[in-house]
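In: Model the structure of this input:
(one chain, ligands or ions: 2)
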Amino acid sequence: EKSQNFLRFHVFKRPFYTVKCYCTDTGKLHKSDKSLSKSLFWQNIQARKDEASRSILVRLSGKTSEESLLQYCTSHGKVQHYFTYSQQQHERYALVEFKTSDGIDLILDRAYTPNSNGHVQSRFLSFSGSSQGSDKVSTSQCQQVNKDIGFAELYKDLAVAESVSDQLGILTSKLELRDPETRLRFVVCSLIEEAFQQILPDCSLHLFGSSVNSFGRRSCDMDMFLERNTAQGVVPKKKGKGQYKLGYDGPSAESERAAAQATLFTLASFLEKQVPHCMSVSRILQAKCPLVKFRHYATGLSCDLTADNSIALKSSELLYVFSQLDPRVRPLVFMIRHWARHHGITNRAPGYWITNFPLTLVVVFFLQTRPQPVVPSFEYLRSLADESDTSVVDGTDCTIPGDLSKVEPSQNTQTTAELLQEFFSFCTTFDFESSSLSVRTGQLGPKPDRFSPLHMENPFQTQLNMCKNVSEGLLKEIQKHSQYALQMMDVPGFHGPGSESEVIHPWGIGALLAPLKIRRNGKRSALANSNIGDVLRGLSRKSPKTATKKQPRHNSN
Ligand code: GTP
Ligand code: MG
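Out: Residues are numbered from 1 along each chain as shown. Ligands and ions are numbered 1, 2, ... in the order given. As a prediction, the model looks like this:
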């Protein structure tokens, strides 16, 4: 703002004021989103985006030492944050965040660009420097990112807990996204956004789903949606070899869906051919929500790209809000999501199973409907929103309050362990056949149709059932596994060191999440004479087959 060379345009765009500055000397557009939102969700996202815009991702070649990279970077600007990681064997990467982006501009100006491969210039660089101190160079010393903790390590940590509630806290801290993983997601998103802007100048790319909703695990996929910001019918097109242009497309002018499909189609080719480290690109454009899947090699992230999907970001905000209302929400949701994945109840591939989003809402609904509710209904939360919270997406009211301090703390005093047991009991006794679950009202309602075995109302578009895909078989599977979990939780010794009986392994949620091979052969000596061991072996004999994998289809709600 101090520079006289900048023209400023203030554009009001909820939930931020976007300040666009055009430099009169260079004509270059500088953008800065100033968050005026009181919502922690949006403030976090804005802070992460800001960090990412001041960061570079660097591949360290050969024996180049980290020290020489750091030295090089600090000679160009003040480094605010720095870490290295390893994805594949013998490959090391560093993320360097500068205090201001001036340092990056200098580095990019001086960077050598091999023009031959046609890759876009970006803040993703390779660095070959001195190998000073190279005897220390080893990928085994670098932290691993975007990979889940191994079973063995997890069980060891769970075994030393003091109670099942304590275990649930440990599970959450071992599975959740850590700071470097969140940083990497925002950096990759900003790198891809910059690349896309070369052929779609006004577009922006947003992260949503478990990367931002506070329920993300280290290995979770990266969901992004593209805001095209182009006039109706204007889509990027591939012209010739490595050449792209913005063109007018008749069918895209008539339908948003056709525009999304055409844009995603071209962006998929662009990713494949022009954006470094984006590979295994697949186009799923006929799905209800057209998407492009790809893998970002340097970070190991599986990415899902959709177009104009702002409502999904509001869904992420809603989950985030519920996670902030009570400290028991996250441990319980992490456990149920992990347990469901362990038993094949949730699955990444589309099909007749439940995805993590509706499953999380089932847990939220359960917490809303305790005799003493743990979290309030969405309807109640909406009543606390003020005018500045108003948000309408594609004609749908998606208002969520930003200030949660007005929400009274819950009077419910149950432990997370008690709630977990009650959740399994809820799953076995709830009348799914005639009742619908509504997070909006926090009450069960009559089922609008008898055709879907499970009816979970979409919180924003209440006429839609989010569990339309779920088959009768899967619902029965959920109920059976819940029944087994309940049986196990009643076994003496389940509650571990604090209980009267002898300590046995695995106990508590370690037993609920025991690898299937322990159940099958029961050879682990620790299990040999224990009651839980007997139960596990007994259950494995009765264990139902996993849900019938009929023709997979995409959820369409
Ligand atoms: P992960 O399984 O850890 O990736 O969790 P996630 O919350 O990111 O779920 P997923 O990647 O399957 O979906 C990403 C987002 O898409 C969710 O946060 C929702 O906004 C949306 N979504 C996913 N499944 C459904 C669904 O069944 N119905 C609706 N309406 N939206 C969904
Ligand atoms: Mg996801």
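In: Count the neighbours of whichever residue of the chain sits closest to ligand 1 for me.
Out: Nearest to ligand 1, among the residues of the chain, is residue 209, at 2.8 Å (CB to the nearest ligand atom). Yep, even glycine has a C-beta here, placed from its N, CA and C like the rest. Residue 209: 23 surrounding residues under other CB atoms under 10 Å.
In: quick one: contacts for it?
Out: Neighbouring residues of residue 209 by CB atoms under 8 Å, 6 or more residues apart in numbering: 216, 220, 221, 222, 223, 304, 312, 316, 357.
In: among these, which are in reach of ligand 1?
Out: 220, 221, 223, 312, 316, 357 (CB under 6 Å from any ligand atom).
In: can I get those in CSV with pLDDT?
Out: Converted to CSV, the ones next to ligand 1 among the contacts of residue 209 look like this (pLDDT from 0 to 100):
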residue, pLDDT
220, 96
221, 96
223, 97
312, 95
316, 98
357, 95
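In: Would you reformat those as CSV and include neighbour count?
Out: Converted to CSV, the ones next to ligand 1 among the contacts of residue 209 look like this (neighbours: other CB atoms under 10 Å):
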residue, neighbour count
220, 24
221, 17
223, 25
312, 18
316, 24
357, 20
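In: Go through the residues you listed and flag which are in strands.
Out: Among the ones next to ligand 1 among the contacts of residue 209, the members falling in strands (DSSP state E) are residue 223.
In: Looking at the ones next to ligand 1 among the contacts of residue 209, which are in helices?
Out: 312, 316, 357 (DSSP state H).
In: residues in the chain within reach of ligand 1, list them.
Out: Residues of the chain lying close to ligand 1 (CB under 6 Å from any ligand atom) are 209-210, 213, 220-221, 223, 312, 315-316, 355-358, 458, 466, 555, 557.
In: Around residue 214, count how many other residues there are.
Out: Neighbours of residue 214 (other CB under 10 Å): 21.
In: before we move on, what SS does it have?
Out: Three-state assignment for residue 214 (DSSP: H, G, I helix; E, B strand; the rest coil): coil.
In: Excluding chain neighbours, what is closest to it?
Out: Closest residue to residue 214 apart from its sequence neighbours, by CB to CB, 6 or more residues apart in numbering: residue 323 at 4.2 Å.
In: what's near enough to touch the one you found?
Out: 213, 214, 215, 329, 330, 333.
In: likewise residue 200?
Out: If you count contacts by CB under 8 Å, 6+ apart, residue 200 has them with 226, 228, 230, 236, 246, 263, 267.
In: Let me know the closest of these to residue 148.
Out: residue 226 (28.2 Å; CB to CB).
In: any idea how far that closest one lies from ligand 2?
Out: Computed with CB to the ion, to the nearest Å, the distance linking residue 226 and ligand 2 is 16 Å.
In: for residue 248, same thing?
Out: 34 Å.
In: count of neighbours near the nearest residue to that residue once chain neighbours are set aside?
Out: The shortest distance from residue 248 to any non-neighbouring residue, by CB to CB, 6+ apart, is to residue 233 (5.3 Å). By other CB under 10 Å, the residues close to residue 233 number 17.
In: now do residue 67
Out: The local packing of residue 67 (other CB under 10 Å) involves 15 other residues.
In: same check, this time on the one 4 residues further on
Out: Look at residue 71: counted by other CB under 10 Å, it has 13 neighbours.
In: same thing with the one 10 residues further on?
Out: For residue 81, the tally of surrounding residues (other CB under 10 Å) stands at 15.
In: The one 4 residues further on now?
Out: For residue 85, the count of nearby residues is 21 (other CB under 10 Å).
In: distance of it from residue 249?
Out: For residue 85, the distance to residue 249 equals 41 Å [CB to CB, to the nearest Å].
In: Likewise for residue 195?
Out: As judged by CB to CB, residue 195 and residue 249 stand 21 Å apart.
In: dump the residue contacts of the most centrally placed residue in the chain.
Out: Residue closest to the mean C-alpha point of the chain, counted by CA atoms, centre = their mean, is residue 210 at 2.0 Å. Counting by CB under 8 Å, 6+ apart, residue 210 makes contact with 177, 216, 217, 220, 221, 223, 356.
In: how does it look with 6 Å?
Out: For residue 210, the contact set (CB atoms under 6 Å, 6 or more residues apart in numbering) comprises 216, 220.
In: Next: residue 41.
Out: With CB under 6 Å, 6+ apart, residue 41 has these contacts: 317, 320.
In: Ligand 2 versus that one, what's the distance?
Out: With CB to the ion as the criterion, residue 41 and ligand 2 are 16 Å apart.
In: so how many other residues sit close to residue 407?
Out: 17.
In: Quick check: the residue of the chain nearest ligand 2.
Out: Of all residues in the chain, the one sitting closest to ligand 2 is residue 209 (3.6 Å; CB to the ion).
In: got the phi/psi numbers for that residue?
Out: Torsion angles at residue 209 (phi, psi; degrees, to the nearest 10) stand at phi 70, psi -150.
In: Show the pLDDT at it.
Out: Residue 209 carries a pLDDT score of 97 in this model.
In: next one: the one 10 residues further on
Out: Per-residue confidence at residue 219 stands at 95 (pLDDT).
In: Please apply the same query to residue 100.
Out: 96.
In: In which helix or strand does it reside?
Out: Assigned by DSSP states H and E, residue 100 belongs to no helix or strand.
In: contacting residues for it?
Out: With contacts taken as CB under 6 Å, 6+ apart, residue 100 has no neighbouring residues.
In: any idea of the pLDDT on residue 451?
Out: For residue 451, pLDDT reads 86.
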